[in-house]
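*Asks:* Need a 3D model of the sequence below.
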Amino acid sequence: MEWTTLQHLDLRHVGRSGKPLQPHAASFHPHQALVAVAIGTYIVEFDALTGSKISALDIGAPVVRMSYSPTSGHTVIAILQDCTLRSCDFDSEQTCVLHSPEKKSDQVSSDAEVHLALTPLQTVAFFGFHKRMSVTVVGTVEGGRAPTKIKTDLKKPIVNLACHPRLPVLYVAYADGLIRAYNIHTYAVHYTLQLDNTIKLNGAGAFAFHPTLEWVFVGDRRGTLLAWDVSTERPSMIGITQVGSQPIASVAWLPILRLLVTLSRDGNLQVWKTRVIANPNRPVLANFFEPAAIGSIDIPRILSQQGGEAVYPLPRIKALEFHPKSNLAALVFANGTSGETSKNKTTHNRERRKQLFAVLQSARGSSASVLKEKLAALGSSGVLADHQLQAQIQEHHMKGHGHLTISDIARKAFLYSHFMEGQAKSAPISRLPLITVLDSKHHLKDIPVIQPFHLELNFFSKENRVLHYPVRAFYVEGPNLMAFNNVSGLESIYKKLYNSIPGNVEYQAKYLIYSKRQHLFLVVFEFSGATNEVVLYRENTVAEIANSKSSIVKGRDAAFIGPNENQFAILDDDKTGLAVYILPGGASQDPKDNEKLLFEENQPTETNASSIRGPTPFMFETEVDRIFSTPLGA
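*Replies:* Okay, here's the model as predicted:
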């Protein structure tokens, strides 16, 4: 797996000011492919898939912190440098002041820490300034709840806030590492997340939540990463590891890849995978977090892909914002050292080259790993970027030379550093890279689990020109089959595919297959620590019939077969076996007969007319990852 750039959002012409600006904050919509970007005094909304600019609002002051409101469509809640809290509605292109500071002279810098937490259960926002003793709650709609200061039960400096995405819980982190969970309605204490005195913490720098399990991830300001299981009345710590010495500024869960990403204050990005807890009564702490097999992020390569250009010295990553449901992230860089004179640049570059030369001299005779560590510690002053290193290795090989040693790489880094002195660029990066994690083994991992539908253009092929537009589109969210009404735009739970799933089991929908002829859904789920399952659900086509039942068969993929789609195949978990089942009656059967179908595993090959016949087994000589329906009728 590797990081790659999808596109660059162009922000050069926002506000039409002569001074070039750099985006300093970004936020994704909770479920749509929209991203809001703060640059200067503007907030700009983009379509994250096409890169098209949708709207831009001048809000009067630069943004310090912002987030999409989970309770309204296209509204961003932002805390500005003038200490006001504003609501920015992109639909009406209006802004509204939700809270003003007590003193008009109050100002905070763009790098100051302010804490903002939004809940999908109420139209309110919780916010507070770093290390203050109180939290303010205010309504996020005009004329909503008036600003109210909440005095917490602990008289300690507050260092972070977060709201649970599904439960009415507000997490308040204190400076000594203590985290209290309060009810958002009554502000009563639910529980406390606290370690024993042997492990010292400085307080939470970032929060993240698992999308299906009741796991809370906390990145501490001492560089410690923790995981808590809050599914019980007495939460327990299930994982802890030391990320580094720098404070953790950001933690995010990637739902598609099921990985955890941490960003330290110095711009160091690390990706972790989590172990499955087999027994919830005995949590496993050892090696709960394991480094994921993913390449480190190569900033020059990210900036130069998709028509961009690299910048030297390498900019530091300030923030990495992830889409909650897609394999999509926005990369925000810290402002460079602008305003340097040519003389200062030359002196600075000379000092960096001296440092690089000293490292090369001191590492003579050392192992390659030692030299790599020392070069990495220098950052942009002496490290060849990955794509430059690959080019050097390829050039070395083309010339017929022997193996390229780490000493050769170090010398190349020294020469490249000298070359780049004249290429140093201090201008702002006036574009925002949208990046993704590319998994070369699973290209379909970032495809949403949704039933594709299209409009057949048959205006001229039918005499009455009656157009049959699909009433609804289906997609899977959690354990539910959801229906989106194309006319009203309303979403509803169409069928609960699983009545209950144990709290310690992680699951993810992988594929959704639907037969319009048979009105049958095949939904493939992947479970942690267990085999994959295919859920069969026959759609109700007659209003008088009660809700039909779903049934489950083991398998990792499914597909319909035949011109009438009256057969379907299930791919076994071992990837070498295929089972074919035959639906009774074909496409012309009475829908009332459909409701009698109850699928049972390991049933005999021949069954009565009201049940599914099969399975008929087939074997492959090699492993198969996916199976697909064929468009051929033969």
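*Asks:* among the helices and strands of this protein, which has the poorest mean pLDDT?
*Replies:* Every helix and strand in the chain was compared by mean pLDDT, DSSP states H and E; the lowest is helix 591-594, with a mean of 44.
*Asks:* any idea which helix or strand comes after that one?
*Replies:* The helix or strand immediately downstream of helix 591-594 is strand 613-619, counting by DSSP states H and E.
*Asks:* Just the buried positions in that next one, please.
*Replies:* Within strand 613-619, the residues scored as buried using 16 or more other C-beta atoms under 10 Å are 613-615. C-beta coordinates here come from the backbone N, C-alpha and C atoms, glycine included.
*Asks:* Pull up the pairing partners for it, direction included.
*Replies:* According to DSSP bridges, strand 613-619 forms sheet pairs with strand 577-582 (antiparallel).
*Asks:* Just give me the neighbour total for N197.
*Replies:* For N197, the count of nearby residues is 6 (other C-beta atoms under 10 Å).
*Asks:* thinking again about what came up before, including distance to G555 and pLDDT, could the buried residues of strand 613-619 go into TSV?
*Replies:* What follows is the buried residues of strand 613-619, written out as TSV (distance: C-beta to C-beta, whole Å; pLDDT from 0 to 100):
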residue	distance to G555	pLDDT
R613	17	81
G614	12	76
P615	10	86
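*Asks:* what's near enough to touch the residue nearest to F217 when sequence neighbours are not counted?
*Replies:* Nearest non-adjacent residue to F217, counting by C-beta to C-beta, 6 or more residues apart in numbering: A208, 4.2 Å away. Contacts of A208 were listed using C-beta atoms under 8 Å, 6 or more residues apart in numbering, and they are 216-217, 219, 251-253, 260.
*Asks:* In ChimeraX, how would I select the buried members of these?
*Replies:* Remark: buried members of the contacts of A208, expressed as a ChimeraX selection using 16+ other C-beta under 10 Å:
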select :216,217,219,251,252,253,260
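*Asks:* Which single one of the contacts of A208 is nearest to Y494?
*Replies:* W253 (26.4 Å; C-beta to C-beta).
*Asks:* List the neighbouring strands of the helix or strand where the closest one lies plus their orientation.
*Replies:* For W253, the element it lies in under DSSP H and E is strand 248-254. Strand pairing for strand 248-254, using DSSP bridges, gives strand 259-264 (antiparallel).
*Asks:* neighbouring strands for the helix or strand following the partner strand, and are they parallel or not?
*Replies:* Next in sequence after strand 259-264, counting helices and strands by DSSP H and E, comes strand 269-274. Partners of strand 269-274 in the sheet, by DSSP bridges, are strand 259-264 (antiparallel), strand 289-291 (antiparallel).
*Asks:* For the ones you listed, give me JSON lines that also has distance to Q242 and mean pLDDT.
*Replies:* As requested, the strands paired with strand 269-274 are exported to JSON lines (distance: least, C-beta to C-beta, whole Å; pLDDT from 0 to 100):
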{"stretch": "strand 259-264", "distance to Q242": "11", "mean pLDDT": "89"}
{"stretch": "strand 289-291", "distance to Q242": "10", "mean pLDDT": "85"}
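*Asks:* which residue sits closest to G203 in space, ignoring its chain neighbours?
*Replies:* Leaving aside its chain neighbours, G203 sits nearest to V159 (3.8 Å; criterion: C-beta to C-beta, 6+ apart).
*Asks:* elements contacting the helix or strand encompassing the one you found?
*Replies:* Assigned by DSSP H and E, V159 falls within strand 158-163. Under the contact criterion of 3 or more C-beta pairs under 8 Å, 6 or more residues apart in numbering; DSSP states H and E, strand 158-163 touches strand 114-118, strand 124-129, strand 134-139, strand 169-174, strand 204-209.
*Asks:* Distance from the chain centre to it, please.
*Replies:* 20 Å (C-alpha atoms, centre = their mean, to the nearest Å).
*Asks:* Residues touching that strand, excluding its own?
*Replies:* Applying C-beta under 8 Å, 6+ apart, the contact partners of strand 158-163 are 115-119, 126-128, 130-135, 152, 169-175, 184, 202-207, 221.
*Asks:* ok, of the residues you listed, which come out buried?
*Replies:* Burial by neighbour count, 16+ other C-beta under 10 Å: within the contacts of strand 158-163 this picks out 115-119, 126-128, 135, 152, 169-175, 184, 202-207, 221.
*Asks:* For the stretch 251-400 of the chain, which segments are assigned as helices?
*Replies:* Using DSSP state H, counting those that start in this stretch, the helices of the stretch 251-400 of the chain run over residues 299-304, 342-362, 368-378, 386-398.
*Asks:* which of the strands paired with strand 269-274 is buried the deepest?
*Replies:* Among the strands paired with strand 269-274, strand 259-264 has the highest mean neighbour count (mean count of other C-beta atoms under 10 Å), at a mean of 22.
*Asks:* how about low-confidence regions in the stretch 451-600 of the chain?
*Replies:* 451-470, 503, 529-530, 540-548, 585-600 (pLDDT under 70).
*Asks:* burial of P255, as a residue count?
*Replies:* Other residues near P255 come to 17 when the count uses other C-beta under 10 Å.
*Asks:* Which single one of the contacts of A208 is nearest to P23?
*Replies:* A252 (18.2 Å).
*Asks:* Hmm, the closest one is touching L260, no?
*Replies:* Yes - if you go by C-beta atoms under 8 Å, A252 and L260 touch, sitting 7.4 Å apart.
*Asks:* what's the nearest residue to A61 once chain neighbours are set aside in contact with, if anything?
*Replies:* Nearest residue to A61, sequence neighbours excluded (C-beta to C-beta, 6+ apart): L80, at 4.1 Å. Contacts for L80 (C-beta under 8 Å, 6+ apart) come out as 59-64, 86.
*Asks:* What residues are recorded as beta-bridge partners of L80?
*Replies:* Per DSSP bridges, the residues bridged to L80 are V63.
*Asks:* quick one on the thing from earlier: pull up the pairing partners for the strand holding V159, direction included.
*Replies:* By DSSP bridges, strand 158-163 pairs with strand 169-174 (antiparallel).
*Asks:* Now do the same for the nearest residue to P62 once chain neighbours are set aside: its pLDDT.
*Replies:* What sits nearest to P62 in space, not counting adjacent residues and going by C-beta to C-beta, 6+ apart, is Q81, at 5.0 Å. Looking at Q81, its pLDDT stands at 87.
*Asks:* what's Q81 in contact with, if anything?
*Replies:* By C-beta under 8 Å, 6+ apart, the contact list for Q81 reads 61-64, 107-110.
*Asks:* so W3 is in which element?
*Replies:* Going by DSSP H and E, W3 is in strand 2-10.
*Asks:* Next, the angle strand 269-274 makes with that strand.
*Replies:* Interaxial angle, strand 2-10 versus strand 269-274 (axes from the mean of the first three to the mean of the last three C-alpha atoms, to 10 degrees): 130 degrees.
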